[in-house]
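> Structural data only, the sequence is not supplied:
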DNA sequence: TGATTGCGTTAAAAAACCGTCACAATATTG
DNA sequence: CAATATTGTGACGGTTTTTTAACGCAATCA
């Protein structure tokens, strides 16, 4: 079952952005513009995770958090707090609010989705997978390890994320732009050709001279990870 | 079987915090908001350990303690008392209440979990492990000794706790922040770079010049203890 | 009390990685 | 087959991240 995420955010532009991006990530997403609405929605259907703005009209984020923690049904729903820089950072650090994680604005979508995955993994193991196998390739997101035919493969951070993304959507072709969005984040600007270079590096790391290349180039379209082998 | 801990605490924020952290530590946790509820729950299922606030509505912590000690089935359930600073400290010290340990608020989570482990170890050997082996490394939490290939390794307190934590979650990558939370405690503030320094010290102590380093650096992610070798 | 030990911070050195470019290699098209 | 478009790759400068050594301070021990 795909995880259901409730986003509580009063600023319209950000809310829309979150909705769009999380949906793209494969989550079911619902929006609430203030704390009151959030509590109503939570009563109707219990989310798997809540992304909660710190400052909210009517009922503040802190208050929502406290109330949720005070009720047995909602006590274990993981919460990720959204805070502006410097906004009571220390109190949040102490996590005495009961949030599971927090993230400081402005943040990148890649970062947020990474946190969401991490929290879901911690709280609801099984919802987000720790390991993926594809043919003779294995990627383990907890130990940060990649193996091919049992032998350990060392990858830099970017190549790791790139392979991770490919492994989550095997067989599918992605354009350079899509890969930049998904792996680098839609907020940074890098040359499209940079993807080529990283795919090249990933290939070099993955393939022993004799082995066949699991990454397929689709001319004038992009790249894909192949499933068989 | 994972130990079952009952937390009796009326202050909501603290109760939630305890619940969250103990669960993260791998215990099964249940909450009770007052002494009466606690006694009911204990009747239903006998905990392996009770964390008990001193001041409680309805039936006080002292009273709960006395009653539990008065009945054969509950006499041996270990109890850790939570007390505010100065709150009858001497009488508690005397342990005439029958508590196995006590801890003064405010306390750090690291400290509490250490006490819990210590008490469980004392009362129920086998529930909490005294020793862990991982490859050629051995850590003994009772005698506070670390060995590699049989030879004794001397570690400072912080490095000991750090290695301890790594050994309990082998293979897993932890960010500097996670390690600070888990090893230093979420309530102290130290620079993230400090983790690097301690990892460095731990490495120096662990590795004879020829040996391979069991601690893996995962660039822009953190550190992990590796299992094989 | 003086000496020792361990801690946390900082700064500089070292290592790893990144993004871009230029050119080579390969595929496509006419 | 030649011309063109697209992709592969090695090199390079610059940046980020990690490692390491040094220092001042506090707690502990003898």
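Here it is on my side, so go on. What you see is a predicted model, and the numbers here were worked out from it, not measured in a lab.

> give me the beta-bridge partners of residue A:104?
residue A:83 (DSSP bridges).

> what residues does chain A put near DNA strand C?
A:154, A:156-159, A:184, A:188-191, A:193-194, A:197-198, A:201, A:219 (C-beta under 7 Å from any atom of the strand). Glycine gets a C-beta too; all of them are placed from N, C-alpha and C.

> hmm, try it at 6 Å
A:156, A:157, A:158, A:159, A:184, A:190, A:191, A:193, A:194, A:197, A:219 (C-beta under 6 Å from any atom of the strand).

> residue ranges of the helices in chain A, please?
A:12-24, A:35-44, A:61-70, A:89-93, A:109-123, A:157-168, A:176-179, A:193-206 (DSSP state H).

> Now do the first one: which elements does it pack against?
Which is helix A:12-24. Here helix A:12-24 touches strand A:4-8, strand A:28-32, helix A:109-123, going by 3 or more C-beta pairs under 8 Å, 6 or more residues apart in numbering or on different chains; DSSP states H and E.

> Out of the ones you listed, the one nearest chain B is which?
Among these, helix A:109-123 comes nearest to chain B, with 7.7 Å by C-beta to the nearest C-beta.

> Can you confirm whether that closest one lies near DNA strand D?
No: Helix A:109-123 lies apart from DNA strand D when judged by C-beta under 6 Å from any atom of the strand; the minimum separation is 11.8 Å.

> repeat for stretch A:157-166
No: using C-beta under 6 Å from any atom of the strand, stretch A:157-166 never reaches DNA strand D; the gap is at least 7.8 Å.

> Can you mark which positions in that stretch are buried?
By neighbour count on 16 or more other C-beta atoms under 10 Å in any protein chain shown, the buried set for stretch A:157-166 is A:158, A:159, A:160, A:161, A:162, A:163, A:164, A:165, A:166.

> how far away is the first one from DNA strand D?
For residue A:158, the distance to DNA strand D (C-beta to the nearest atom of the strand, to the nearest Å) stands at 11 Å.

> mind showing which ranges of chain A have poor pLDDT?
A:1, A:72, A:85-100, A:121-129, A:228-229 (pLDDT under 70).

> Mind splitting it into its structural domains?
Listed domain ranges for chain A are A:4-123, A:131-225 (source: automatic domain parsing).

> out of the helices of chain A, which comes closest to residue B:68?
helix A:61-70 (26.8 Å; C-beta to C-beta).

> which residues does the closest residue to DNA strand D within chain A contact?
At 3.6 Å from DNA strand D, residue A:217 is the closest residue in chain A, using C-beta to the nearest atom of the strand. Shown in contact with residue A:217 (C-beta atoms under 8 Å, 6 or more residues apart in numbering or on different chains): A:199, A:223.

> who in chain A is up against DNA strand D?
A:196, A:197, A:199, A:200, A:203, A:217, A:219, A:220.

> Now a ChimeraX select for only the buried ones of the residues you listed.
In ChimeraX, this line selects whichever of the residues of chain A next to DNA strand D come out buried by 16+ other C-beta under 10 Å:
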select /A:199
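
> Show me what counts as buried in stretch A:9-20.
So for stretch A:9-20, counting by 16+ other C-beta under 10 Å, buried means A:9, A:10, A:15, A:18, A:19.

> now stretch A:206-215
Quick answer for stretch A:206-215 (16+ other C-beta under 10 Å): A:206, A:214, A:215.
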